[in-house]
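A.B. asks: Here is the input, now give the coordinates:
(2 chains)
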Amino acid sequence: MMPWADLVFVLVVVIDFFALGSGRLGAAIRIVAIQGGLLALLPLLLATGGQHHLGHVLVISAGALLVKGVLIPWLMFRAIRESAIRRELDPIVGFMPSLVLGGIGVALAFVVTGSMPLVEPAHAFLVPTAFSTVWTGLLVVVSRRKAVAQVLGFLILENGVFVFGLLLSDFMPAMVEAGVLLDLVAAVFVMGIVMFHIHREFSSLDTEKLSALKD
Amino acid sequence: MLVRAIVQLLLSFALAPLLVGIVNRVKSLFAGRVGPPLLQPYHDLLKLLRKGAVYSRTTTWVFRAGPVVALAAVITAALLLPIAGAPAPVFFTGDFILLAYLLALARFVTALAALDTGSSFEGMGAAREVTFSSLAEPALFLSMLVLARATGATSLSGMLGGALPGAWTAAGPALLIAVIVLFVVALAENSRVPVDDPNTHLELTMIHEVMVLDHGGPDLALILYGASLKLFLFGALIVQVAAGAALRGGWGDLAVFAGGMVGFALAVGTVESLMARLKLTRVPQMLVGATVLSAFALVLLVR
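C.D. replies: Just a heads-up that it's a prediction; the model follows:
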């Protein structure tokens, strides 16, 4: 079981890098959807049997797959189709600097978490992967101009929080998990409405325009 | 053991152009053509060797030395790389650094020869080639370090030798990333498609091809042969890392290795057929991405 969990964690971090380096919104949405699907595998791979109830694990996994892998990507694809944008052309922090920053953050996450006083995690890569993914999400949120890309950054950040939540999945009731996922959908929904308004007002999704004064 | 290493070395010298033939055949199959025969690169080399060479009056001895030194450097690099799991004829601690810099020397003299013609066009190609390979170099070294760290060996023969199967079970994900990064580096260093187009002499795509425009006859044959040998070396490196447990040191390995090399050629040909060449400004982005990935693999190991 462990090598597969290894592979999933590593793939999640590799997807972080891809999201940092890619300018095409369609490809980025697809890769974040794949990340969500991979995250849905994690509760199953990390289930130790004894403490976990099978039903609980299945609910978390299926919920993550549905919301992160199917529902939200579908909403995002709708958003880019409606607003007819394909690329993040000119990010505030360029793709190469953000890749390098992401690499530094991931390296720090893997080095530092070893000395953190945490509950014994189910897997050695769990905490560093969570931190790397949260860091990547933050980077994407602050470094992109297009609202769609910023929402994607928020999703990546949320994925990191989900991984971190697995640390406590023994004690977290399924209803709380469901509530978190519902929150996520609601947040993306609200962001979708905000994006719609930005798009109608400026006929572009560039958030820079929000700071320009209008008479 | 030494006899076997030398036999394998001679075999790879003989078979290197065949690899290019396979890549070209795969590309033509994707394009719906019959394509050139598999042995076409050999015919090309023989034809070029029979021709005479024309040298411009503005060139000096640097221009004539370029192809010779480049091929000599690549052949010396081939001495350091183990083939089909058998130790290389020459190995010592840290020989992977020498391998990388022998390949860099080959590129350096090719760039010098291009600059020696005094053509601004070739100077531009040389500048691009050197820029891209300076970005590919950290990725190459970091993935070599991943290999060294995972196997605990510091020579290429040790890295690709007996310790590799154990390393795959202990550090599989890191080695998998290293294989992918090495493949990207191989595409960039051999001027294959996402970075450069080996078929065209159009000025926009010209990186490596423009540097050798002024070479003709035997000089061009040396350059083409050196390029195919370099592709073979990168292929051998990647195949042996990827094969890992399958290469145990017996003669049956030769079959596994040959199969792996054909697979490598198929992979290169498929990538070339399915991908468009990247925009020039996107290439550094891809190479930096590869570097960051290999740094991540190293972090996984040294943590």
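
A.B. asks: The helix or strand harbouring residue A:17 close to chain B?
C.D. replies: In the assignment (DSSP states H and E), residue A:17 maps to helix A:2-21. Yes. Helix A:2-21 reaches chain B (CB under 8 Å from any CB of the partner chain) through A:3, A:6-7, A:9-10, A:13-14, A:17-18, A:21. C-beta coordinates here come from the backbone N, C-alpha and C atoms, glycine included.

A.B. asks: So which bits of the helix or strand just after that helix are buried?
C.D. replies: Toward the C-terminus, helix A:2-21 is succeeded by helix A:25-46 as the next helix or strand (DSSP H and E). Across helix A:25-46, burial judged by 16 or more other CB atoms under 10 Å in any protein chain shown covers A:25, A:28-29, A:31-36, A:38-46.

A.B. asks: Likewise for stretch B:91-104?
C.D. replies: For stretch B:91-104, by 16+ other CB under 10 Å, it's B:91, B:95-96, B:98-100, B:102-104.

A.B. asks: hang on, the earlier thing: where's the helix holding residue A:17 relative to the chain centroid, distance-wise?
C.D. replies: Computed by CA atoms, centre = their mean, to the nearest Å, the separation of helix A:2-21 from the middle of its chain amounts to 12 Å.

A.B. asks: One more: stretch A:125-136?
C.D. replies: For stretch A:125-136, the distance to the chain centre is 11 Å (CA atoms, centre = their mean).

A.B. asks: ok, now stretch B:89-107?
C.D. replies: For stretch B:89-107, the distance to the chain centre is 13 Å (CA atoms, centre = their mean).

A.B. asks: and residue A:4, how far is that from residue A:56?
C.D. replies: 20 Å (CB to CB, to the nearest Å).

A.B. asks: Phi, psi for the closest residue in space to residue B:119 that isn't next to it in sequence please.
C.D. replies: Excluding its sequence neighbours, the residue lying closest to residue B:119 (CB to CB, 6 or more residues apart in numbering or on different chains) is residue B:214, at 7.1 Å. Main-chain torsions, residue B:214, degrees, to the nearest 10: phi -90, psi -10.

A.B. asks: Tell me the buried residues in stretch A:73-80?
C.D. replies: Those would be A:73, A:75-76, A:79-80, for stretch A:73-80 by 16+ other CB under 10 Å.

A.B. asks: host element of the residue nearest the centre of chain A?
C.D. replies: When CA atoms, centre = their mean is applied to chain A, the residue found nearest the centroid is residue A:156 (1.6 Å). Secondary structure from DSSP H and E places residue A:156 in helix A:147-165.

A.B. asks: and the buried residues of stretch B:91-104 near chain A, which?
C.D. replies: Okay, of the buried residues of stretch B:91-104, nothing touches chain A (CB under 8 Å from any CB).

A.B. asks: any chance of those residues in a markdown table, plus secondary structure, pLDDT and distance to residue B:189?
C.D. replies: Supplementary listing: these in a markdown table, determined by DSSP: H, G, I helix; E, B strand; the rest coil; pLDDT from 0 to 100; distance: CB to CB, whole Å:
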| residue | secondary structure | pLDDT | distance to residue B:189 |
| --- | --- | --- | --- |
| B:91 | coil | 83 | 22 |
| B:95 | helix | 88 | 18 |
| B:96 | helix | 89 | 14 |
| B:98 | helix | 92 | 16 |
| B:99 | helix | 91 | 12 |
| B:100 | helix | 91 | 10 |
| B:102 | helix | 93 | 12 |
| B:103 | helix | 92 | 7 |
| B:104 | helix | 93 | 10 |
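
A.B. asks: Now these in TSV, please, with extra columns for distance to residue B:69.
C.D. replies: What follows is these, written out as TSV (distance: CB to CB, whole Å):
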residue	distance to residue B:69
B:91	23
B:95	20
B:96	21
B:98	16
B:99	16
B:100	17
B:102	11
B:103	13
B:104	12
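
A.B. asks: How far does stretch B:106-124 sit from its chain's centre?
C.D. replies: 20 Å.

A.B. asks: Just the residues contacting that stretch, thanks.
C.D. replies: Contacts of stretch B:106-124 with the rest of the structure, by CB atoms under 8 Å, 6 or more residues apart in numbering or on different chains, involve B:56, B:58-60, B:62-63, B:65-67, B:69-71, B:73-74, B:77, B:125-126, B:129-130, B:133, B:203, B:206, B:210-215, B:223, B:226, B:230.

A.B. asks: What are the boundaries of the helices in the stretch 101-250 of chain B?
C.D. replies: Using DSSP state H, counting those that start in this stretch, the helices of the stretch 101-250 of chain B run over B:120-151, B:156-159, B:164-170, B:172-189, B:208-211, B:218-243.

A.B. asks: Low-confidence regions, the stretch 101-250 of chain B specifically.
C.D. replies: Where the stretch 101-250 of chain B drops to pLDDT under 70, the residues are B:201-205, B:245-250.

A.B. asks: Residues of it that sit close to chain A?
C.D. replies: So the stretch 101-250 of chain B meets chain A at B:169, B:172-174, B:176-177 (CB under 8 Å from any CB).

A.B. asks: buried stuff in the longest helix that chain A contains?
C.D. replies: Looking across chain A with DSSP state H, the single longest helix is helix A:174-202. Neighbour-count burial for helix A:174-202 flags A:174, A:177, A:180-181, A:184, A:188, A:191-192, A:195, A:198-199 (criterion: 16+ other CB under 10 Å).

A.B. asks: likewise stretch B:228-245?
C.D. replies: For stretch B:228-245, by 16+ other CB under 10 Å, it's B:228-244.

A.B. asks: one step back: list only buried entries from the contacts of stretch B:106-124.
C.D. replies: Counted by 16+ other CB under 10 Å, these give B:63, B:66-67, B:69-71, B:73-74, B:77, B:125-126, B:129-130, B:133, B:206, B:210-215, B:223, B:226, B:230 as buried.

A.B. asks: can you list contacts of stretch B:153-166?
C.D. replies: Contact with stretch B:153-166 is made by B:80-82, B:85, B:87-88, B:91-96, B:99, B:144, B:147-148, B:151-152, B:237, B:240-241, B:244-245, B:247, B:249, as judged by CB under 8 Å, 6+ apart.

A.B. asks: Identify the residue spatially nearest to residue B:39, adjacent ones excluded.
C.D. replies: Residue B:39 sits nearest to residue B:21 (CB to CB, 6+ apart), 6.3 Å away.

A.B. asks: my guess is the one you found contacts residue B:40, does it?
C.D. replies: Yes. Look at residue B:21 against residue B:40 with CB atoms under 8 Å: they come within range, at 5.8 Å.

A.B. asks: neighbour-wise, which of those two wins?
C.D. replies: Taking neighbours as other CB atoms under 10 Å in any protein chain shown, residue B:21 and residue B:40 compare with residue B:21 leading, 22 against 16.

A.B. asks: Return the distance of the lowest-mean-pLDDT helix or strand in chain A from the chain's centre.
C.D. replies: When the helices and strands of chain A are scored by mean pLDDT, DSSP states H and E, helix A:174-202 comes last with a mean of 76. Averaged C-alpha coordinates place helix A:174-202 at 14 Å from its chain's average position (CA atoms, centre = their mean).
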